[in-house]
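> Fold the stuff below for me.
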Amino acid sequence: MREQCYDDALQCIKLRPDWPKAYYRYALALLKLGKVTESRGVCNAGLALEPGNKDMAALKRQTADKVIAHFINASKIDFKACAPDVPQRLAPSARLSGTCRSLAPRLPGAQQTPPPAVLRV
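The predicted structure is shown next:
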């Protein structure tokens, strides 16, 4: 079903490349297929045709939310792999802003520089 929507929307764009609703439908189909970055690009193309399109702008925000959620989840996985005990030591309201490398032990003989800020409260 989603593939059918994808094909229909793509055909609409081929037939009427000046119709913003075709771009909205295509972007929505891409998003449902999990192609978030492509969907965002199509939203940009549709907004270039009709900058005031509220539905297209809302769909673009949805794609941004999905991208942000993806990177937050990936960061949590990376962080747990590098320092699995650190989240237990953090206050519940603290937000991580550094990388695992900033928490890695310093090598002997290396110049000791203060680590970058790791926590934002």
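
> Now do the same contact list for I13.
I13 sits next to W19, A22, Y23, Y26 when contact means Cβ atoms under 8 Å, 6 or more residues apart in numbering. No exception for glycine: its C-beta is placed from N, CA and C like everyone else's.

> In a markdown table, list those residues along with secondary structure, neighbour count and pLDDT.
Output for the contacts of I13, formatted as a markdown table (DSSP: H, G, I helix; E, B strand; the rest coil; neighbours: other Cβ atoms under 10 Å; pLDDT from 0 to 100):
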| residue | secondary structure | neighbour count | pLDDT |
| --- | --- | --- | --- |
| W19 | coil | 15 | 93 |
| A22 | helix | 22 | 93 |
| Y23 | helix | 26 | 94 |
| Y26 | helix | 25 | 94 |
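
> could you dump the residues you listed to a markdown table with distance to A48?
Listed next are the contacts of I13 as a markdown table, based on distance: Cβ to Cβ, whole Å:
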| residue | distance to A48 |
| --- | --- |
| W19 | 13 |
| A22 | 13 |
| Y23 | 9 |
| Y26 | 14 |
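
> with those in mind, which one is nearest to D7?
Y26 (10.0 Å; Cβ to Cβ).

> Contact partners for that closest one?
Counting by Cβ under 8 Å, 6+ apart, the residues that Y26 touches are Y6, A9, L10, C12, I13, V42.

> sorry, back to before: what is the most widely separated pair among the contacts of I13?
W19 and Y26 (10.5 Å).

> Find residues that contact each of the two.
C12, I13.

> Could you report the neighbour count for N53?
18 (other Cβ atoms under 10 Å).

> how about the nearest residue to it, chain neighbours excluded?
On the basis of Cβ to Cβ, 6 or more residues apart in numbering, the spatially nearest residue to N53 that is not a chain neighbour turns out to be P20, at 5.6 Å.

> How about H70?
Distances taken as Cβ to Cβ, 6+ apart place V36 nearest to H70, at 7.4 Å, with adjacent residues excluded.

> what number of residues lie near that neighbour?
Applying other Cβ under 10 Å, we find 18 residues neighbouring V36.
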